[in-house]
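# give me a model of this one.
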Amino acid sequence: MNQVQPGQPLLQVENVSQIYGSGARQFVAIQKINLSIDEGLYVALLGPSGCGKSTLLRIITGLQQATEGKILYRGEPLRGVNPHATIVFQTFALFPWLTVQDNVEVALKAKGIPANLRTPRAIDALDRVGLDGFETAYPRELSGGMRQKVGFARAIVTEPELLCLDEPFSALDVLSAETLRGELMELWLEGKIPTKAILMVSHNIEEAVFMADHIVIMDKNPGRIVSRLNVDLPHPRARKSAEFQAIVDQVYAALAGQTQPEHVELGTPPGEPGFTRHLPHIAIIDLAALLEFLTSMLKGRADIFRLPDELGVNSDHLLRLTEAAELLGFATITKGDIALTPLGETFAEASILARKEIFATRIHRLPIVRWLLNLLAASEQHRIGYGVVKAALELEFPAQEAERQIDTLIDWGRYAEILAYDDDSEIIYREPVPQ
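You can find the predicted model right below:
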């Protein structure tokens, strides 16, 4: 087992917020985050895409300065890059013109380690991650899993006290990811790396429960901590055990939330006081598949945590689908369970054209859809440029999310046959144009 036992706080996050822009274009990425990471703990930051997990990780390592709050490392304020921490990113971030060994030695060179000491330390790190014999290979010769192992070797070769992982398995195929998770846990639990704590960003619920001692659950708009959970299960953890599944269910319940009254659930239109509810970025065909499955196989009700395996989707995608079903009034969510409404069952069993009519009726309720339709109604020939809408939505969302919102509005509007889009001219217009 890992020789380092939970003890004194290694790192403390105190009232940290990250705010982009200013005035009317201000966007709060994360808000008032308080977090302590103790020695000997593997901590997972879990939450939907866009909740600020990676932003918080960059602030913790000193790669980004927080707008408000402070980071303490061993009780001292952190200024600049944290020399005791390192990050493994989700992309391999290797130099293609360098060999495997040279890619690892880059980290030591940046630390000012003399050349005569770099080689033995790099070889030792590669041996620990199982890449002995590949020192002279180039990244192009390696599989995705092996390239990420090089990333791990480069991270541990500097012997960081705090190892930060930014969705390190998300770019890998299922088998490679599972193998690498197991190998990292072996290094950590058996004390084969000098790291005193691990902080991992993930949106994979089972991954977090399988690996972490403590799970911090975040939500977005703004990014904030909504729940914390200790995982008091011995390693190695059996994924199919009742205890493991019970914790997964708890996490899903925290992330899925609970259906609120309609005036709370729908939010307000862009530009008005209050909360502008974003549209989950999902395809209607996937939503229809979820509703059909719930209707035909599960009598309209299910524990959400059981659905990823049955539907073959990851947890992040599933939660976006359940959020869309809830937003459209097709389902309600309570304590981690989803139940179809009569309207949801009707949609699942309806014909192709009837589904379009139901969907069109439902999205007319959404404030962000009504806002766009009002913009079009006030525009010449009921047409408006993509860039104009994007600029307006950037007052509510960061640029990348604003673009996702427009793309989702266009996709949903096309399905409902109320919007059309000309990609060549980048013009959004009503379909059919009102007379």
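# let me know the pLDDT of residue 83.
Residue 83 is assigned 89 on the pLDDT scale.
# can you classify it by secondary structure?
coil (DSSP: H, G, I helix; E, B strand; the rest coil).
# burial of it, as a residue count?
Using other CB atoms under 10 Å, residue 83 is surrounded by 14 other residues. (Glycine included, C-beta is placed from N, CA and C.)
# begin at 81 from now on, thanks
Noted, 81 is the first residue going forward, which turns the last one into residue 163.
# could you export the helix or strand bottoming out on mean pLDDT in the chain as PDB, CA atoms only?
One helix or strand of the chain scores below all others by mean pLDDT, DSSP states H and E: helix 342-346, with a mean of 74. Presented in PDB, the C-alpha positions along helix 342-346 are these (Å, rounded to 0.1, in the frame of the first residue of the first chain):
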ATOM      1  CA  GLU A 342     -40.600  25.400 -14.400                       C
ATOM      2  CA  HIS A 343     -39.800  29.100 -13.700                       C
ATOM      3  CA  VAL A 344     -36.600  28.000 -12.000                       C
ATOM      4  CA  GLU A 345     -35.800  25.200 -14.500                       C
ATOM      5  CA  LEU A 346     -36.100  27.300 -17.700                       C
END
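# from the chain's centroid, how far away is that helix?
24 Å (CA atoms, centre = their mean, to the nearest Å).
# just checking, residue 469 is part of a strand?
No: using three-state DSSP, the assignment for residue 469 is helix, not a strand.
# against residue 155, how distant is it?
49 Å (CB to CB, to the nearest Å).
# secondary structure class for the nearest residue to residue 256 once chain neighbours are set aside?
Excluding the flanking residues, the one nearest residue 256 by CB to CB, 6 or more residues apart in numbering is residue 225, at 3.2 Å. The three-state label given to residue 225 by three-state DSSP is helix.
# and the pLDDT at residue 225?
pLDDT at residue 225 comes out at 84.
# do the one 3 residues further on as well
Note for residue 228: predicted pLDDT of 85.
# for it, give me its contacts.
168, 172, 248, 249, 251, 252, 256, 260 (CB atoms under 8 Å, 6 or more residues apart in numbering).
# wait, isn't the fifth one in contact with residue 224?
Looking back up the chat, that one is residue 251. Yes: the criterion here is CB atoms under 8 Å, and residue 251 meets it with residue 224 at 6.7 Å.
# which stretches in the stretch 281-430 of the chain count as helices?
With helices called from DSSP state H, counting those that start in this stretch, the stretch 281-430 of the chain shows them at 285-291, 322-336, 342-346, 364-377, 387-391, 395-407, 422-429.
# other residues contacting the second one?
Under the contact criterion CB under 8 Å, 6+ apart, helix 322-336 has outside partners 126-128, 285-286, 288-290, 295, 297, 299, 306-307, 309, 311, 313, 317-319, 383-385, 395, 399, 402-403, 413, 415-416, 418.
# related to what we said a few turns ago, for the contacts of residue 228, which one is nearest residue 500?
Lowest distance from residue 500 to the contacts of residue 228 (CB to CB) belongs to residue 251, with 35.3 Å.
# count residues in the vicinity of the closest one, would you?
Residue 251, neighbours per other CB under 10 Å, totals 16.
# returning to that earlier point: pull out the buried residues from the contacts of helix 322-336.
Applying 16 or more other CB atoms under 10 Å to these, the neighbour count classes 126-128, 285-286, 288-290, 295, 297, 299, 307, 309, 311, 313, 317, 383-385, 395, 399, 402-403, 413, 416, 418 as buried.
# shaky segments in the stretch 231-380 of the chain?
343 (pLDDT under 70).
# please enumerate the strands of it.
242-246, 277-282, 294-299, 304-310 (DSSP state E, counting those that start in this stretch).
# quick check: which element contains residue 188?
Using DSSP states H and E, residue 188 maps to helix 180-190.
# report the buried residues of that helix.
Going by 16+ other CB under 10 Å, helix 180-190 has these buried residues: 180, 181, 182, 183, 184, 185, 186, 187, 188.
# after it comes which helix or strand?
helix 195-208.
# that next one packs against which elements?
helix 180-190, helix 224-236 (3 or more CB pairs under 8 Å, 6 or more residues apart in numbering; DSSP states H and E).
# what sits up against the shortest one?
What that stands for is helix 180-190. 166, 174-175, 178, 197-199, 201-203, 205-206, 211, 214-219, 222, 230, 233-235, 237-238.
# can I get the buried part of those residues as one PyMOL selection?
Buried residues among the contacts of helix 180-190 (16+ other CB under 10 Å), as a PyMOL selection:
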select buried, resi 166+174+198+201+202+203+205+206+211+214+215+218+219+222+230+233+234+235+237+238
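# for the most centrally placed residue in the chain, what are its contacts?
By CA atoms, centre = their mean, the chain has its centre lying nearest to residue 129, at 3.3 Å. Contact partners of residue 129, counting by CB under 8 Å, 6+ apart, are 283, 396.
# just to revisit the earlier point, buried sites along the least confident helix or strand of the chain?
residue 346.
# check residue 105 and give its pLDDT.
For residue 105, pLDDT reads 62.
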